[in-house]
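K.L.:
requesting a structural model of the entry that follows:
(one chain, ligands or ions: 1)
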Amino acid sequence: MTADALTAKIRRLIALNGPMPVSDYMAICLLDPDHGYYTRSEPFGKDGDFITAPEISQLFGEIIGAWLINTWRRLGRPTPFVLAEAGPGRGTLMKDILRAGTIDPAFADAAQPTLIEASPKLRAVQAATLADAAGRTVWLDSLDQLPDLPLIMVTNEFFDALPFRQFILHEGKWVERCVGLNEEGVLQWQLGTAQLSTDQIPANITQAAQEGAIYEISPSRENTMAVIAKHIAQHGGAAINFDYGHTETAIGDTFQAVKKHTFADPLDTPGNADLTSHVDFDALSRSARTEGAFTFPIMTQGEFLLQCGLLERAGQLGANKPSALQVQIRADVQRLAGNEPEDMGDLFKVFCIAQSDQVALAPFSQ
Ligand code: SAH
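P.N.:
Residues are numbered from 1 along each chain as shown. Below you'll find the predicted structure:
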């Protein structure tokens, strides 16, 4: 079985190299070329392991599509421009964006749809979803390959899927928390050898931390944001990112595995569950600003969608439709923008960057 093959591979690597950083474990589990979760499976949707905002309702992509058109106009209608999405899953969000984009033919003509996707299997799914835009959609392996054009970009649940590392306060030192093996060869948490010095950690965190506290960093996410920000600072544009996480760097173990819509142990059945952690938007903001981009104050997904007219659009979608559909639309709106524990409205944040502070990009304040 594939999962067993992946576990055997991880065991071999640990036996060779010693305990494995969470970042390596996550990269192997998600994107191993043969057995990785994203390389092998199509996990999204009600029948899969987890559901994302674009898979809940077309409203999500339509609202974002309208926001992207407005943003393109405010940026001076750059033509042509790269309309990019990183980590597009099944391609549903881009499909809804392109449909909404036809409202403004000049926007639709200027847009060069570009998907950055690591999984060949998901690329094939995206190609099928986007069959109507087949001739003009481009796939890239990495953001470094973006052409030198203005960039208007969106991501949803992309950054949380990029690897991160954990450090645990152990006897006064911040030691890397790694995946090792017990005597029976079963995966278990162990201390690694790498350490962070206190000057690499914000002072408010080192001052408050108790023995056993966990501090997470993600060079991969920060580098990815740096590449996007550098591109936008140089060539113009904006990027809007939806993800769960915290607006201030904080202490805590946020590593999570999700399988069939429930939480699982991240060390159980490698390659068979989605692995993520909460995104540190504070760290992403610092990274974007270092590259010279402007960062807007972070909004919650609920605030963003409601201020962009989610309720009005939902009303139009449900008008003169059977009552069962209207009930479903109301439930979808609640899930996308509500603030009950199951809802995404508060948990998900919206982080937007642009070339400069010269252009107002409502509903973000400046
Ligand atoms: N945005 C989609 C899917 C989110 S899941 C949605 O909202 O439904 C994460 C996505 O990021 C998957 O498509 C996964 O294959 C992709 N991905 C993960 N790591 C990546 C990387 N390093 N480069 C490009 N894509 C990556």
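
K.L.:
so Gly101 touches Trp67, yeah?
P.N.:
No: applying CB atoms under 8 Å as the test, Gly101 and Trp67 come out as separate, 11.0 Å apart. Backbone N, C-alpha and C define where each C-beta goes, glycine included.

K.L.:
overlap of the contact sets of those two?
P.N.:
Taking CB atoms under 8 Å, 6 or more residues apart in numbering as the contact rule, Gly101 and Trp67 touch no residue in common.

K.L.:
quick one, which of those two is more surrounded?
P.N.:
For Gly101 and Trp67, the more surrounded residue by other CB atoms under 10 Å is Trp67, and the numbers stand at 26 against 23.

K.L.:
not counting sequence-adjacent ones, nearest residue to that one?
P.N.:
Spatially, and ignoring its direct neighbours in sequence, Trp67 is nearest to Cys308 (5.7 Å; CB to CB, 6 or more residues apart in numbering).

K.L.:
that neighbour and Ser197, how far apart?
P.N.:
As judged by CB to CB, to the nearest Å, Cys308 and Ser197 stand 43 Å apart.

K.L.:
what residues does the stretch 101-250 of the chain have near the ligand?
P.N.:
Residues of the stretch 101-250 of the chain found near the ligand (CB under 6 Å from any ligand atom) are 116-119, 122, 156-158, 161-162.

K.L.:
need those residues in a markdown table (columns: pLDDT and secondary structure).
P.N.:
Converted to a markdown table, those look like this (pLDDT from 0 to 100; DSSP: H, G, I helix; E, B strand; the rest coil):
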| residue | pLDDT | secondary structure |
| --- | --- | --- |
| Ile116 | 98 | strand |
| Glu117 | 97 | coil |
| Ala118 | 94 | coil |
| Ser119 | 94 | coil |
| Leu122 | 95 | helix |
| Asn156 | 98 | strand |
| Glu157 | 98 | coil |
| Phe158 | 98 | coil |
| Ala161 | 97 | helix |
| Leu162 | 98 | coil |
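
K.L.:
any low-confidence regions in the stretch 151-300 of the chain?
P.N.:
Within the stretch 151-300 of the chain, no stretch has pLDDT under 70.

K.L.:
which stretches in it count as strands?
P.N.:
Taking DSSP state E, counting those that start in this stretch as the test, the strands found in the stretch 151-300 of the chain are 151-156, 165-170, 173-181, 187-196, 214-217, 237-246, 256-259, 262-264, 274-276, 279-280, 294-295, 299-300.

K.L.:
export these as a markdown table, with columns for distance to Gln355 and mean neighbour count.
P.N.:
Shown next, in a markdown table, are the strands of the stretch 151-300 of the chain (distance: least, CB to CB, whole Å; neighbours: other CB atoms under 10 Å):
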| stretch | distance to Gln355 | mean neighbour count |
| --- | --- | --- |
| strand 151-156 | 9 | 25 |
| strand 165-170 | 31 | 20 |
| strand 173-181 | 36 | 20 |
| strand 187-196 | 33 | 16 |
| strand 214-217 | 27 | 20 |
| strand 237-246 | 6 | 23 |
| strand 256-259 | 34 | 18 |
| strand 262-264 | 39 | 12 |
| strand 274-276 | 29 | 23 |
| strand 279-280 | 22 | 27 |
| strand 294-295 | 7 | 20 |
| strand 299-300 | 19 | 18 |
